[in-house]
Each structure stands twice: as structure tokens, then as C-alpha cells.
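[1] Below are the sequence and a predicted model; questions follow.
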Amino acid sequence: MRRVAIVGAGYTKFGECWDKSLRRLAQEAGMRALADAQVEGKDIEALFVGNMTAGRFIGQEHLSALAADRMGLTPIPSTRIEAACASGALAFRKALMAIQSGQHDIVVAGGVEKMTDVGGDSAVASLMGAADQEWESQIGLTFTGLYALITRAHMQQYGTTSEQLALVSVNNHKNGVHNPNAQYPFEITVEQVLKSPLIADPLRLLDCSPITDGAATVVLASEEAAKRFENPIWVIGSGQASDTIALHDRKSFTELQATIVSSRVAYKQAGIRPEQVDLVEVHDCFSINEIIAIEDLGFCKKGEGGKFVEAGKIARDGERPINTMGGLKSIGHPVGATGIRQLADLVTQLRGKAGKLQVNDAKIGLALNIGGSGATGVTHILANQNAL
Amino acid sequence: MPQMSSVPIAWRLQQPRYRLIGTICTKCNTSYFPPRSLCQTCRDKGKIEKHKFPGTGKILTYTVIRIAPEGFAEFAPYAIAIIELEPGVTVAGQVVGDPEQVKTGRKVKTTFRRMYTDGKDGLLQYGMKWELLDQ
Ligand SMILES: [Zn+2]
């Protein structure tokens, strides 16, 4: 298989961007990544776009052609990829494979979501499209509800506490303060989290990532093509796994098989163990998902994720820095864009360009993007020159 | 439910939803609820038949929905639990009554109730919910 590197990355300011349309966001992120890579439009051979549900959010489908059009890249092939909140990482994986296969040398992978044109209720209903319509949506479940069922099960089985959950949000907000593109760049306290309103017991408002507009883009190149780029960041592992669409159909509610399987595939491909990962981007759509990811990615024993967080090990200067640029909680969660945003943040860290947020001596980074309540898991492992 | 007519869906799901009828693969003796028409183990070698589940179960985990989605606001706050029908067979369902009484381990039985009001057609959809049995 050919080696592939990320040679450019960028994302828009995330937030409630009333002044920017989906097409404008996609274009902006695309131009940032191309400028970062210093590539011309004519160098790009193919485009992959991650998007969950623009059809429901803004009535626009056919994002593949739209993205190529707005980025001035017609007539290159463009493909839209959908796997709920894991659409971004999956679009990246398809771009990666397009280069590995020898089909293309320079490919763009982007993700975009425009969520705030519709009201909150409608956004919540649209997001439930990622769950089981027949047996979850139609009994009155919400995504917060699904993750609340997981949270309760984890608390019952392992004694995970609300304070430990709160510390996840506190950590991610602390990092997000210094991220200029974050939707909520301010610190929060454990007390604020614990006093925020219950949305679905035991999850509170500040356990949940927000509804966000935003787009992110990266440029990938084959080893051959990457030679002319400065500081390429290598993709050393990629894994993907599926699970039942409905949460209740799983044997365990306290682990995500899609994380376990996709990460084991990625570790094996990269030839590394979890202990060798210097920093991690996990899918903290809800605080519990960060705790479960810490366990399922192999950074601690099953059930000890809460204690891991409590011990400060996820801090930027801790044993395993997690969501060092703010995570979904502080940066925001435009569902189709998140998987690409995670990779863009790893690239910044591995280039040593994260400024105040820089993790010392970061060489290997891992990103985990989750779709639905865990029905899709996509893991990528990136490394800079110093790791090789 | 918003943005779609749920009439055909409700019609298709009538049997499982009204009467807790799932399926069983008689070849490997695995039962399924919600019903599956393809056995996960035997695949096309399996033999799928209808299977009536007893209308009782046990709560494995639960939540209380405080912010309800469209069509469910009148019920909020309401409890949703994952209920074990028999070992290895679990389904999510709404538990009626005082959500504060809902606890893991409590036994529940099915009850036929109004599920939601169809946003587009204003139709009332009925189906199965769960009520707590005396401890
Ligand atoms: Zn069978």
C-alpha cells in the first residue's frame, strides 16, 4: 500500500454562523486547506465530502457536486459520504484509499454541516436520523437520551460519577479557550456543569456538545507527491467498524465495539501500542463518550475511564492529553465536519504549531470519530517525521 | 414524528408494536425483538418464525427525558428504559407513570398507549409502553 500524508488542513470558525451558508462554509474551509498546503486547484484530482443530513437541515442534497462547484474544482470527481457524525472521518478514509489504491495522488477530504438554519427541535429530530427510526425515534428517544442510557449503565457497572463526567467538559473547555475557531472559547467549572439543567438524566446541558455550523478540510498526498510539501504528517493507521444501529440490540451498553475494533485495526496497521500515542482526539459528543473512548482505545482498564479523567491524565500536560484544542464540547459539533476537524487539529499539534495549546514533543496522534450511538467508529493514527 | 407520514410505518410495525410479536430462528434457537427476518448467526440457513414474547421484562438502564422531541412534549418528563425481555433480548421503551419511581432492576409489563401525535397529519399513533409492576 502506498504511504499517504496530510499536507494541508484548515477549518472555519465554528458556531452559529447566520451570515454564512453551507456553500460558503465549505468553500472557506477548502480554500484555507489549499492555501495551507500551497496547492493550486489544478493539482487536486478528487474530492470527498462528509455530510450527515444537509437534505433535512437546509433542503440541499448533491453536496458532492456543490462542493466541487463552489471550490472551483469542476470537473474532478467528487463524492459525498454519509455515516452520521462519523461522515467526516469516513470521507477522509475514502480519500486515503483513493490514493493508496494508486488511483490518485492529491485528493481533498472535507466535511461540512449547516445546523442552525432550522430551529433546535428540528435539528434534534434530524440528528435522530442517525439512530433507529422504528425503535428509538418513535418511542421518544433523543441522542442525549441514548447516551444517558449508556451513562447510567456505566455508572451502575463501574461507579462512574457525575463529577468525573463534569471534569471531561471542564478539560475540553479549558483547552478551547485558546482555539480561535471554537464556538464556546471559555472556561467552565465542575459546579457549573453540575448545576446546569438536566436534559436526560443523568446527562446535563453542559455534558452535551452544541449544535454548530462549520466546515473543515484537509489535503492528502501520496508519498511521491508529498515530497514537494513542507512538514507532511503521515497517516500510519486507519480503521473502521460497524455495530447495530439500535443501542438496545448490543450485548454491552458500556463499551463501543466500533471503537474497539476500528482502533485495533488502526493500531495494528500503524505497528504501535496505545501507550505510544502522544495525544488523542476523541468524539465527546457527550461527556460519557470521552470516558468510554479512553477505555475502549486501551489507555486504561475497562471501567477506569472516570478515574483516569479525575486524576488529570487527560490534561494537556497529563499522561494522555485528550481533545487538546477543545473537543466537540468547546469547539462545537457540526456533525459532518467534526471528523475532519479532529484530523486538522492533530496536524496542527504534530507540526508543532499549536501555540499555547502545544503538547510537548508530540509525535503520534490518534483521532476517533463516532457515528450515532456507536454504530460507526472510525480511527486514524497520524505521525510526524520525528516518529518515523 | 416530524416531516413524514408515519401511517405506513405504523401499519408495518403493528404486530410487534401492539402485541410484542418478535421472531425466533428455530435452527439455532435465538429469539429476536424487535423482530429480525434474517438470523444473525445462521443467516440464510436459518429458519425464522414468529415468536410471542411474554409481556413482562426487567429494567437494565434508564433515563428521564426532560427535553422531549417534537410530538412527545405532552408526555415530558418521561422515563425511557432498556428492558430485558429474556436473557439476551432487550428493547428500549417508554415507562409510564412517575419517572422518579423508575429504577434499574424493577420489573415492568406492557401497556397499550398513545405513542405520539403525527405532526403532519395530526394522527394519533398507538403502541406499546411499559408500566412498573409492584415491587
Ligand atoms: Zn439461527
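    Okay, I see it.
[2] which secondary structure element contains the residue positioned nearest the centre of chain B?
    By C-alpha atoms, centre = their mean, chain B has its centre lying nearest to B:Gly93, at 4.5 Å. Assessed by DSSP states H and E, B:Gly93 sits inside strand B:89-95.
[3] Let me see the contact set for the nearest residue to A:Gln133 once chain neighbours are set aside.
    Distances taken as C-beta to C-beta, 6 or more residues apart in numbering or on different chains put B:Ile9 closest to A:Gln133, at 7.7 Å, once the chain neighbours are dropped. All C-beta spots, glycine's among them, are computed from the backbone N, C-alpha and C. B:Ile9 sits next to A:133-134, A:138 when contact means C-beta atoms under 8 Å, 6 or more residues apart in numbering or on different chains.
[4] Which positions in chain A make contact with chain B?
    Counting by C-beta under 8 Å from any C-beta of the partner chain, the residues of chain A close to chain B are A:56, A:121-122, A:124-125, A:128, A:133-142, A:144-145, A:148-153, A:156, A:197-203, A:246-249, A:251, A:253.
[5] Can you select the buried ones from those residues in PyMOL?
    Buried subset of the residues of chain A next to chain B, written as a PyMOL selection, criterion 16 or more other C-beta atoms under 10 Å in any protein chain shown:
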select buried, chain A and resi 56+122+124+125+128+133+134+135+136+137+138+139+140+141+142+144+145+148+149+150+151+152+153+198+199+200+201+202+203+246+247+248+249+253
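[6] Across the sheet, point out what pairs with the residue nearest to the centre of chain B.
    Here B:Gly93 sits in beta bridges with B:Ala81, as judged by DSSP bridges.
[7] My guess is it contacts B:Gly127. True?
    No. Between B:Gly93 and B:Gly127 there is no contact, the gap being 9.3 Å when judged by C-beta atoms under 8 Å.
[8] Overlap of the contact sets of those two?
    Residues touching both B:Gly93 and B:Gly127 by C-beta under 8 Å, 6+ apart: A:Ile139.
[9] Where does pLDDT dip in chain B?
    B:1-6, B:119-121 (pLDDT under 70).
[10] hmm, 50 instead?
    Within chain B, the ranges that satisfy pLDDT under 50 run B:1-2.
[11] what residues are up against B:Met115?
    A:138-140, B:94, B:125-127, B:129.
[12] Can you show me the CA trace of the helix or strand where A:Ser64 lies as PDB?
    A:Ser64 belongs to helix A:63-70 when assigned by DSSP H and E. Output of helix A:63-70 as PDB, limited to C-alpha atoms (Å, rounded to 0.1, in the frame of the first residue of the first chain):
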ATOM      1  CA  LEU A  63     -23.200  18.100  -1.900                       C
ATOM      2  CA  SER A  64     -20.600  16.300  -3.900                       C
ATOM      3  CA  ALA A  65     -21.100  18.400  -7.000                       C
ATOM      4  CA  LEU A  66     -21.900  21.500  -4.900                       C
ATOM      5  CA  ALA A  67     -18.600  21.300  -3.100                       C
ATOM      6  CA  ALA A  68     -16.600  20.800  -6.300                       C
ATOM      7  CA  ASP A  69     -18.500  23.700  -7.800                       C
ATOM      8  CA  ARG A  70     -18.000  26.200  -5.000                       C
END
